[in-house]
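Q: Build me a model from this:
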Amino acid sequence: MKGIRFMKKITLSLLLLALLATVFFIHRQYSQRPVVTAVVQQAEHVEPLEKPKIIVFTSKGGAGHSSATQAIKDTLGKQFNVISINVLTEILGSLDPLVKLSRGKMSGEDLVNISAKNNWLWIINKLRSIGIKLNARMLPQMKALIAQYLKKERPAMVISVMPLINAATLGATQELDIPFLVVGTDIDTSLYVEGMHDVEKAQKFIYGMAFDEPLALQKVSHVIPKDKIRIVGFPLRSGFFEEKSEQKKADIRKEFNIPDNKFVIMMIMGGAGSKKAYQFLRMLLRSSHDFHIIVCCGRNEKLLKKVEQLQTRSPKSMTVLGFTQQIADLMAVSDLFITKPGPNSIVEALYMDLPMLIDATDTILNWEKMNIDFVQQYGFGYIINKYKQVLPMLDALLTNKTSYATIKDAMQRFAKKNFPCNLKDVVQELLPAMKIDKSGCIIKI
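A: As a prediction, this is how the structure comes out:
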C-alpha cells in the first residue's frame, strides 16, 4: 500500500514538473508580450445609449466561443448594443495563477490555446481539473469581481457562452436583478453548471442548450430544473442557416478553385489549427481515388506553410486556407468532412448535412468524449481510432453509395433548432417589457 501511494506521488510530481516546464517554455516565448491587465477594462466602444446593452461573457480559448459570440451579435445587434468581453482576462485576470507566475506575460487562456495548437491535450485536461478546484475556492472573489463590473456597465442582460464562470455570474446577476442567459457551446455542458446550486430559486435566468438530447440533458438535470431549460439550437453564425442556391455554390467553387466534377473532402482541426491536420493530409494523398482537398489551417501559420509546401508537389488538387469566416460556404460545396471531436466543427457539419470522419487517434478532451458518442449514436459518420483506418473508411464511402446515403439521411432527419429565432424568443422571455424584433426568422432550418 505504501508503495502504491509512493508511486502515485511520484507520478503526480512528474506531471506537475512537466506542466511547470511547459509553462516556463511558453513564458520564454511570451516574454515580449505586453502585460495582461488584471483590472476591469472597457470591453469595446460603446454605441449610443438609446440601445439597451447586452454583455456577452466570452473568451479566445477556442474558436467556438468567438463563433457563438458573433452569432449572438449578428442576431441581436440591430436592436441591442451587444458588447463582448473576455471575462477570463478582463474581469477575472487578477485571479489567474499563470498571470502571476508569468508576471503578466501569459494567462491560462494562452496556455490552453498553445496546448491546442500543439495537440498537448493532456495539459488542457489537467487545467480543467485545476480550474474546477480553483473556481470552487475562489467563487466569492469571482462573484465580487463580476458584480463590480456589472455595476459599472449596468446592462439590460448578461449572456454567457463560457464554462466554469456561471455559478459566480448567476450569483452576481441575482444580486443585481439582471436577467442572465447561459448559451452552451458544447454538447456536454456539465462544465457550464459547475458550482451552481439553488438554481430553482433563481429569477430571470434561463439555461440554453443546443439539442433535446437525453444524455446531454442528463448531464445538467441534477443542477438545472427543467423549467429553466430552453432548447435554443447551437450558436452558429447566420451562414449555416441560409439556403445555398446552385448559383451560389458555383460562385463558391470558382472563388476557391474547387473543381465541379470531383468529390470534395474538407478538413479542419480546430480554429487554433492542430498540427495533426498535416498527418491526415499525408494519409489522404496516398489514396488512389481522385478527389479535391480543402485544408483549413486556422491560426497556425507554421501549419499553413507546411501544407502549402506539400500542395506544390501534391498529386491531387487542393485548396489551402488559413483562418477563414467562410466555413459554411466551404461546407456547402464539400462531400465529406474530417475534423477533431470539437463540438463547433461537428455541429457545423451537422447543420450542413455533411458526413464526417472524427479524429479520435489521440487524447480526447474530457468534455468532448460525448461528441464522439453523439456522432456514433445518430450515425453521422465514422470515428477514426487509428490512422490506418482513414483510407479504408474513405474507400468505403467513395465506393459504397448506400453507406454514404445512409449517413446523409440520418443528418437530414435529425431535428435542428434555429438558433437566431430561438435566441430572440428567450430574450423576449427574459425582457418582457421590450418588443423583440423577430423578423428574418423564416430561413433554412
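
Q: need the next SSE after the helix or strand of the chain with the lowest mean pLDDT, C-terminal direction.
A: The weakest-scoring helix or strand in the chain, judged by mean pLDDT, DSSP states H and E, is helix 2-29 (a mean of 46). Sequence-wise, the next helix or strand downstream of helix 2-29 (DSSP states H and E) is strand 53-58.

Q: Just the CA trace of that following strand, in PDB.
A: The C-alpha trace of strand 53-58 is given here as PDB (Å, rounded to 0.1, in the frame of the first residue of the first chain):
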ATOM      1  CA  LYS A  53     -26.900  47.000 -23.600                       C
ATOM      2  CA  ILE A  54     -26.400  43.200 -23.600                       C
ATOM      3  CA  ILE A  55     -23.000  42.000 -22.300                       C
ATOM      4  CA  VAL A  56     -21.700  38.600 -23.600                       C
ATOM      5  CA  PHE A  57     -19.100  36.900 -21.400                       C
ATOM      6  CA  THR A  58     -16.700  35.100 -23.800                       C
END
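
Q: residues in contact with it?
A: Outside strand 53-58, the residues within contact range by Cβ atoms under 8 Å, 6 or more residues apart in numbering are 43, 46, 65-66, 68-69, 72-73, 76, 80-87, 91, 150, 153-162, 165, 169, 427. The C-beta positions use only the backbone N, C-alpha and C, and glycine is treated the same way.

Q: any idea how far E90 is from the residue nearest to A156 when sequence neighbours are not counted?
A: In space, and not counting its chain neighbours, A156 is closest to P52: 4.0 Å by Cβ to Cβ, 6 or more residues apart in numbering. Per Cβ to Cβ, to the nearest Å, P52 is found 21 Å from E90.

Q: Please say which of the two ends up with more neighbours.
A: E90 (19 against 15; other Cβ atoms under 10 Å).

Q: Low-confidence regions, the protein specifically.
A: Scanning the chain for pLDDT under 70 picks out 1-49, 61-62, 271-273, 440-445.

Q: now the strands for it?
A: With strands called from DSSP state E, the chain shows them at 53-58, 81-86, 157-160, 180-183, 205-209, 229-231, 263-268, 291-296, 318-321, 336-339, 356-359, 381-384.

Q: right, and those - which one's nearest K244?
A: Closest of those to K244 is strand 263-268, at 13.8 Å (criterion: Cβ to Cβ).

Q: Sheet partners, orientation included, of that closest one?
A: Partner strands and pairing direction for strand 263-268 (DSSP bridges) are strand 291-296 (parallel), strand 336-339 (parallel).

Q: List the contacts of the shortest one.
A: Under the criterion Cβ under 8 Å, 6+ apart, residues 263-269, 280, 284, 331, 345-346, 349, 354-359, 381, 394, 397 lie in contact with strand 336-339.

Q: what does stretch 221-235 contact?
A: Residues outside stretch 221-235 that contact it (Cβ under 8 Å, 6+ apart): 67-68, 71-72, 161, 183, 185, 193, 196-197, 199-200, 202, 205-212, 217, 220, 343, 347, 351, 416-419, 422-423, 425-426, 429, 445.

Q: of those residues, buried ones?
A: 67-68, 71-72, 161, 183, 185, 193, 196, 199, 202, 205-211, 217, 220, 343, 347, 351, 416-419, 422-423, 426, 445 (16 or more other Cβ atoms under 10 Å).

Q: Among the contacts of strand 53-58, name the buried ones.
A: 43, 65-66, 68-69, 72-73, 76, 80-87, 91, 150, 153, 155-162, 165, 169, 427.

Q: Could I get the strands of the chain in a markdown table, plus columns for distance to K438?
A: Converted to a markdown table, the strands of the chain look like this (distance: least, Cβ to Cβ, whole Å):
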| stretch | distance to K438 |
| --- | --- |
| strand 53-58 | 16 |
| strand 81-86 | 17 |
| strand 157-160 | 17 |
| strand 180-183 | 17 |
| strand 205-209 | 17 |
| strand 229-231 | 15 |
| strand 263-268 | 32 |
| strand 291-296 | 33 |
| strand 318-321 | 35 |
| strand 336-339 | 32 |
| strand 356-359 | 32 |
| strand 381-384 | 34 |
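
Q: Go through those and name the closest to S245.
A: Taking the strands of the chain one by one with Cβ to Cβ, strand 263-268 is closest: 17.7 Å.

Q: now the closest one, how far from the chain's geometric center?
A: Taking Cα atoms, centre = their mean, to the nearest Å, one finds strand 263-268 lying 20 Å from the centre of the chain it belongs to.

Q: Using CSV, write out every CA atom in it.
A: Taking Å, rounded to 0.1, in the frame of the first residue of the first chain, the C-alpha atoms of strand 263-268 are listed here in CSV:
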residue,chain,number,x,y,z
PHE,A,263,-15.6,14.6,-54.7
VAL,A,264,-14.6,17.2,-52.2
ILE,A,265,-13.0,16.4,-48.8
MET,A,266,-12.8,19.3,-46.3
MET,A,267,-10.5,19.2,-43.2
ILE,A,268,-10.3,21.4,-40.1
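
Q: Residues touching that strand, excluding its own?
A: Strand 263-268 is contacted from outside by 258, 277, 280-281, 284, 289-296, 298, 327, 330-331, 333-340, 345, 354, 394, 398, using Cβ under 8 Å, 6+ apart.

Q: Could you name the helices and strands sitting against the lengthiest helix in the chain?
A: For the chain, the helix with the greatest residue count under DSSP state H is helix 121-153. The helices and strands touching helix 121-153, judged by 3 or more Cβ pairs under 8 Å, 6 or more residues apart in numbering; DSSP states H and E, are helix 2-29, strand 53-58, helix 108-117, helix 166-176.

Q: do that again at 7 Å, thanks
A: Under the contact definition 3 or more Cβ pairs under 7 Å, 6 or more residues apart in numbering; DSSP states H and E, helix 121-153 sits against helix 2-29, helix 108-117, helix 166-176.
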